[in-house]
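Q: below is the structure, and that's it, no one-letter string:
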(Lines give C-alpha, C1' and ligand atoms only; values in the text may rest on other atoms or scores of the structure.)
Protein backbone atom coordinates (compact mmCIF):
# COMPACT_ATOMS: atom_id res chain seq x y z
CA UNK A 1 0.00 0.00 0.00
CA UNK A 2 1.38 3.42 -0.96
CA UNK A 3 2.31 5.73 1.94
CA UNK A 4 -0.28 8.39 1.13
CA UNK A 5 -3.29 6.08 0.81
CA UNK A 6 -6.07 7.24 3.12
CA UNK A 7 -8.05 4.50 4.87
CA UNK A 8 -10.99 5.61 7.00
CA UNK A 9 -12.05 3.93 10.24
CA UNK A 10 -13.82 0.56 10.02
CA UNK A 11 -12.63 -0.22 6.51
CA UNK A 12 -11.47 -3.84 6.21
CA UNK A 13 -8.51 -4.65 3.97
CA UNK A 14 -7.39 -8.25 3.73
CA UNK A 15 -4.07 -9.80 2.70
CA UNK A 16 -2.73 -9.71 -0.86
CA UNK A 17 -4.24 -6.27 -1.54
CA UNK A 18 -2.21 -3.58 -3.33
CA UNK A 19 -3.41 0.04 -3.38
CA UNK A 20 -1.75 2.79 -5.41
CA UNK A 21 -0.80 6.27 -4.33
CA UNK A 22 -3.42 8.94 -3.72
CA UNK A 23 -6.29 6.49 -3.29
CA UNK A 24 -8.96 6.72 -0.60
CA UNK A 25 -10.78 3.84 1.07
CA UNK A 26 -13.94 4.96 2.91
CA UNK A 27 -15.38 3.68 6.15
CA UNK A 28 -16.91 0.18 6.00
CA UNK A 29 -15.49 -0.69 2.59
CA UNK A 30 -14.30 -4.30 2.41
CA UNK A 31 -11.42 -5.34 0.14
CA UNK A 32 -10.31 -8.96 -0.13
CA UNK A 33 -7.29 -10.23 -2.03
CA UNK A 34 -5.78 -10.95 -4.36
CA UNK A 35 -6.79 -7.47 -5.49
CA UNK A 36 -4.90 -4.54 -7.03
CA UNK A 37 -6.29 -0.99 -6.94
CA UNK A 38 -4.49 1.70 -8.92
CA UNK A 39 -3.65 5.30 -8.16
CA UNK A 40 -6.07 8.07 -7.16
CA UNK A 41 -9.09 5.80 -6.82
CA UNK A 42 -12.04 6.60 -4.55
CA UNK A 43 -13.72 3.63 -2.85
CA UNK A 44 -16.91 4.67 -1.04
CA UNK A 45 -18.64 3.13 2.02
CA UNK A 46 -19.91 -0.46 1.88
CA UNK A 47 -18.17 -1.23 -1.41
CA UNK A 48 -17.07 -4.88 -1.63
CA UNK A 49 -14.04 -5.64 -3.79
CA UNK A 50 -12.23 -8.87 -4.56
CA UNK A 51 -14.60 -11.36 -2.97
CA UNK A 52 -14.76 -14.87 -4.53
CA UNK A 53 -16.83 -15.18 -7.70
CA UNK A 54 -20.45 -16.28 -7.58
CA UNK A 55 -19.68 -19.30 -9.73
CA UNK A 56 -20.19 -22.93 -8.72
CA UNK A 57 -17.06 -23.97 -10.65
CA UNK A 58 -14.86 -21.87 -8.38
CA UNK A 59 -12.76 -23.98 -5.99
CA UNK A 60 -10.91 -21.33 -4.01
CA UNK A 61 -8.22 -20.80 -6.66
CA UNK A 62 -6.02 -17.66 -6.31
CA UNK A 63 -7.74 -15.54 -8.95
CA UNK A 64 -7.72 -11.75 -8.79
CA UNK A 65 -9.41 -8.40 -9.33
CA UNK A 66 -7.36 -5.66 -11.00
CA UNK A 67 -8.62 -2.05 -10.96
CA UNK A 68 -6.81 0.75 -12.80
CA UNK A 69 -6.26 4.42 -11.96
CA UNK A 70 -8.64 7.30 -11.24
CA UNK A 71 -11.71 5.16 -10.68
CA UNK A 72 -14.67 6.19 -8.54
CA UNK A 73 -16.64 3.29 -7.05
CA UNK A 74 -19.71 4.39 -5.15
CA UNK A 75 -21.65 2.95 -2.22
CA UNK A 76 -22.45 -0.79 -2.06
CA UNK A 77 -21.00 -1.65 -5.48
CA UNK A 78 -19.60 -5.21 -5.73
CA UNK A 79 -16.72 -6.33 -7.96
CA UNK A 80 -15.66 -9.98 -7.81
CA UNK A 81 -12.48 -11.85 -8.66
CA UNK A 82 -12.17 -14.01 -11.79
CA UNK A 83 -12.38 -17.76 -12.30
CA UNK A 84 -9.76 -20.13 -13.67
CA UNK A 85 -11.84 -21.01 -16.71
CA UNK A 86 -12.36 -17.29 -17.45
CA UNK A 87 -8.66 -16.43 -17.35
CA UNK A 88 -8.44 -15.74 -13.63
CA UNK A 89 -8.80 -11.96 -13.72
CA UNK A 90 -11.65 -9.47 -13.49
CA UNK A 91 -10.21 -6.25 -14.90
CA UNK A 92 -11.32 -2.59 -14.75
CA UNK A 93 -9.54 0.16 -16.71
CA UNK A 94 -9.03 3.84 -15.85
CA UNK A 95 -11.20 6.91 -15.24
CA UNK A 96 -14.44 5.00 -14.69
CA UNK A 97 -17.47 5.99 -12.61
CA UNK A 98 -19.27 3.03 -11.07
CA UNK A 99 -22.31 4.31 -9.21
CA UNK A 100 -24.06 2.87 -6.17
CA UNK A 101 -25.23 -0.77 -6.07
CA UNK A 102 -23.61 -1.76 -9.37
CA UNK A 103 -22.31 -5.31 -9.78
CA UNK A 104 -19.38 -6.47 -11.92
CA UNK A 105 -19.16 -10.26 -11.91
CA UNK A 106 -16.24 -12.62 -12.40
CA UNK A 107 -14.02 -12.41 -15.47
CA UNK A 108 -15.52 -9.17 -16.79
CA UNK A 109 -13.28 -6.80 -18.72
CA UNK A 110 -14.12 -3.10 -18.39
CA UNK A 111 -12.41 -0.45 -20.50
CA UNK A 112 -11.76 3.17 -19.60
CA UNK A 113 -13.96 6.28 -19.34
CA UNK A 114 -16.99 4.07 -18.69
CA UNK A 115 -20.04 5.17 -16.66
CA UNK A 116 -22.27 2.65 -14.86
CA UNK A 117 -25.40 4.35 -13.52
CA UNK A 118 -26.99 3.04 -10.32
CA UNK A 119 -27.72 -0.70 -10.17
CA UNK A 120 -26.24 -1.54 -13.57
CA UNK A 121 -25.18 -5.19 -13.34
CA UNK A 122 -22.96 -7.45 -15.42
CA UNK A 123 -23.04 -11.23 -15.41
CA UNK A 124 -19.78 -13.13 -15.82
CA UNK A 125 -17.38 -12.80 -18.75
CA UNK A 126 -18.89 -9.53 -20.06
CA UNK A 127 -16.63 -7.19 -22.05
CA UNK A 128 -17.38 -3.44 -21.88
CA UNK A 129 -15.28 -1.33 -24.24
CA UNK A 130 -14.08 2.27 -23.74
CA UNK A 131 -16.51 5.16 -23.40
CA UNK A 132 -19.64 3.10 -22.73
CA UNK A 133 -22.51 4.45 -20.63
CA UNK A 134 -24.91 1.97 -19.02
CA UNK A 135 -28.17 3.47 -17.78
CA UNK A 136 -29.56 2.70 -14.35
CA UNK A 137 -30.67 -0.91 -13.78
CA UNK A 138 -29.13 -2.06 -17.09
CA UNK A 139 -28.56 -5.84 -17.09
CA UNK A 140 -26.01 -7.56 -19.34
CA UNK A 141 -26.12 -11.32 -20.01
CA UNK A 142 -22.96 -13.38 -19.54
CA UNK A 143 -20.43 -13.43 -22.39
CA UNK A 144 -21.98 -10.35 -24.06
CA UNK A 145 -19.94 -7.44 -25.37
CA UNK A 146 -20.82 -3.75 -25.45
CA UNK A 147 -18.89 -1.86 -28.12
CA UNK A 148 -17.06 1.42 -27.61
CA UNK A 149 -19.22 4.46 -26.85
CA UNK A 150 -22.38 2.36 -26.68
CA UNK A 151 -25.24 3.73 -24.57
CA UNK A 152 -28.16 1.99 -22.86
CA UNK A 153 -31.32 3.46 -21.41
CA UNK A 154 -32.63 2.80 -17.91
CA UNK A 155 -33.69 -0.80 -17.43
CA UNK A 156 -32.23 -2.14 -20.67
CA UNK A 157 -31.55 -5.90 -20.70
CA UNK A 158 -28.86 -6.99 -23.15
CA UNK A 159 -28.81 -10.64 -24.23
CA UNK A 160 -26.64 -10.12 -27.33
CA UNK A 161 -23.70 -7.92 -28.31
CA UNK A 162 -24.32 -4.18 -28.68
CA UNK A 163 -22.42 -2.68 -31.61
CA UNK A 164 -20.07 0.28 -30.99
CA UNK A 165 -21.49 3.84 -31.02
CA UNK A 166 -25.04 2.45 -30.68
CA UNK A 167 -28.04 3.33 -28.49
CA UNK A 168 -30.12 0.50 -27.01
CA UNK A 169 -33.30 0.36 -24.96
CA UNK A 170 -35.85 -2.13 -23.70
CA UNK A 171 -36.13 -5.63 -22.25
CA UNK A 172 -34.88 -7.44 -24.21
CA UNK A 173 -32.95 -4.54 -25.66
CA UNK A 174 -33.28 -3.33 -29.23
CA UNK A 175 -30.93 -0.99 -31.05
CA UNK A 176 -32.45 2.38 -31.87
CA UNK A 177 -29.62 4.07 -33.79
CA UNK A 178 -26.18 5.59 -33.57
CA UNK A 179 -25.35 7.53 -30.38
CA UNK A 180 -25.22 10.76 -32.38
CA UNK A 181 -25.34 13.23 -29.49
CA UNK A 182 -22.68 11.36 -27.54
CA UNK A 183 -20.38 11.23 -30.56
CA UNK A 184 -20.87 14.94 -31.24
CA UNK A 185 -19.90 15.69 -27.64
CA UNK A 186 -16.73 13.65 -28.16
CA UNK A 187 -15.83 15.72 -31.21
CA UNK A 188 -16.52 13.07 -33.85
CA UNK A 189 -16.92 14.73 -37.28
CA UNK A 190 -20.35 14.90 -38.90
CA UNK A 191 -19.31 12.87 -41.95
CA UNK A 192 -18.04 10.06 -39.71
CA UNK A 193 -21.37 9.98 -37.87
CA UNK A 194 -23.19 9.85 -41.21
CA UNK A 195 -21.02 6.92 -42.26
CA UNK A 196 -21.84 5.10 -39.04
CA UNK A 197 -25.54 5.77 -39.52
CA UNK A 198 -25.35 4.31 -43.01
CA UNK A 199 -23.54 1.14 -41.96
CA UNK A 200 -25.98 0.80 -39.03
CA UNK A 201 -28.89 0.79 -41.49
CA UNK A 202 -27.15 -1.77 -43.69
CA UNK A 203 -25.94 -4.23 -41.08
CA UNK A 204 -28.10 -3.73 -37.97
CA UNK A 205 -31.49 -2.53 -39.17
CA UNK A 206 -31.64 -4.56 -42.36
CA UNK A 207 -31.17 -8.31 -42.61
CA UNK A 208 -29.34 -10.16 -45.34
CA UNK A 209 -26.60 -7.62 -45.96
CA UNK A 210 -23.02 -8.83 -45.51
CA UNK A 211 -19.88 -7.10 -44.31
CA UNK A 212 -18.07 -7.89 -47.58
CA UNK A 213 -20.48 -5.99 -49.81
CA UNK A 214 -18.97 -3.13 -51.87
CA UNK A 215 -20.95 -0.40 -50.09
CA UNK A 216 -19.73 -1.59 -46.69
CA UNK A 217 -16.14 -2.02 -47.90
CA UNK A 218 -16.14 1.53 -49.29
CA UNK A 219 -17.29 2.94 -45.94
CA UNK A 220 -14.69 0.89 -44.08
CA UNK A 221 -11.93 2.29 -46.24
CA UNK A 222 -13.07 5.85 -45.61
CA UNK A 223 -13.69 5.83 -41.83
CA UNK A 224 -11.78 4.03 -39.10
CA UNK A 225 -14.85 4.15 -36.84
CA UNK A 226 -16.89 2.29 -39.46
CA UNK A 227 -14.12 -0.30 -39.75
CA UNK A 228 -14.27 -0.78 -35.98
CA UNK A 229 -18.07 -1.14 -36.15
CA UNK A 230 -17.86 -3.82 -38.85
CA UNK A 231 -15.01 -5.70 -37.16
CA UNK A 232 -17.10 -5.88 -34.00
CA UNK A 233 -19.96 -7.52 -35.92
CA UNK A 234 -17.58 -9.94 -37.63
CA UNK A 235 -16.18 -10.95 -34.23
CA UNK A 236 -19.53 -11.42 -32.52
CA UNK A 237 -20.17 -14.93 -31.19
CA UNK A 238 -23.58 -14.29 -29.61
CA UNK A 239 -24.98 -12.20 -32.46
CA UNK A 240 -25.78 -8.51 -32.33
CA UNK A 241 -28.74 -6.57 -30.94
CA UNK A 242 -30.95 -5.41 -33.80
CA UNK A 243 -33.66 -2.81 -34.09
CA UNK A 244 -36.60 -5.12 -33.50
CA UNK A 245 -38.12 -3.92 -36.75
CA UNK A 246 -35.38 -5.15 -39.06
CA UNK A 247 -36.29 -5.09 -42.72
CA UNK A 248 -36.42 -8.30 -44.71
CA UNK A 249 -33.71 -7.10 -47.04
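A: Looks like it came in fine. Keep in mind that this is a model prediction, so the values were computed, not measured. Residues are numbered from 1 along each chain as shown.

Q: any stretches of this structure with poor pLDDT?
A: Within the chain, the ranges that satisfy pLDDT under 70 run 208, 245-249.

Q: do a quick rundown of the helices in it.
A: With DSSP state H as the definition, the chain shows helices at residue ranges 180-185, 190-200, 214-222, 224-234.

Q: these into TSV, with extra columns for mean neighbour count and distance to residue 75?
A: All C-beta atoms are positioned from the backbone trio N, CA, C, and that covers glycine. TSV is the format used below for these (neighbours: other CB atoms under 10 Å; distance: least, CB to CB, whole Å):
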stretch	mean neighbour count	distance to residue 75
helix 180-185	14	26
helix 190-200	17	36
helix 214-222	14	44
helix 224-234	18	33
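
Q: using CSV, please lay out those helices together with distance to residue 14.
A: As requested, the helices of the chain are exported to CSV (distance: least, CB to CB, whole Å):
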stretch, distance to residue 14
helix 180-185, 39
helix 190-200, 45
helix 214-222, 48
helix 224-234, 38
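
Q: from residue 164, how far off is the residue minimising distance to the centre of the chain?
A: In the chain, the centroid-proximal residue (CA atoms, centre = their mean) is residue 128; its distance is 2.6 Å. In this view, residue 128 and residue 164 are 11 Å apart by CB to CB, to the nearest Å.

Q: mind checking how far the nearest residue to residue 89 once chain neighbours are set aside is from residue 200?
A: With sequence-adjacent residues excluded and distances taken as CB to CB, 6 or more residues apart in numbering, residue 89 is closest to residue 82, at 4.6 Å. For residue 82, the distance to residue 200 equals 33 Å [CB to CB].

Q: touching, residue 195 and residue 220? I think so.
A: No: between residue 195 and residue 220 there is no contact under CB atoms under 8 Å: 9.2 Å.

Q: show me the common contact partners of those two, please.
A: Each of residue 226 lies in contact with both residue 195 and residue 220 under the rule CB atoms under 8 Å, 6 or more residues apart in numbering.
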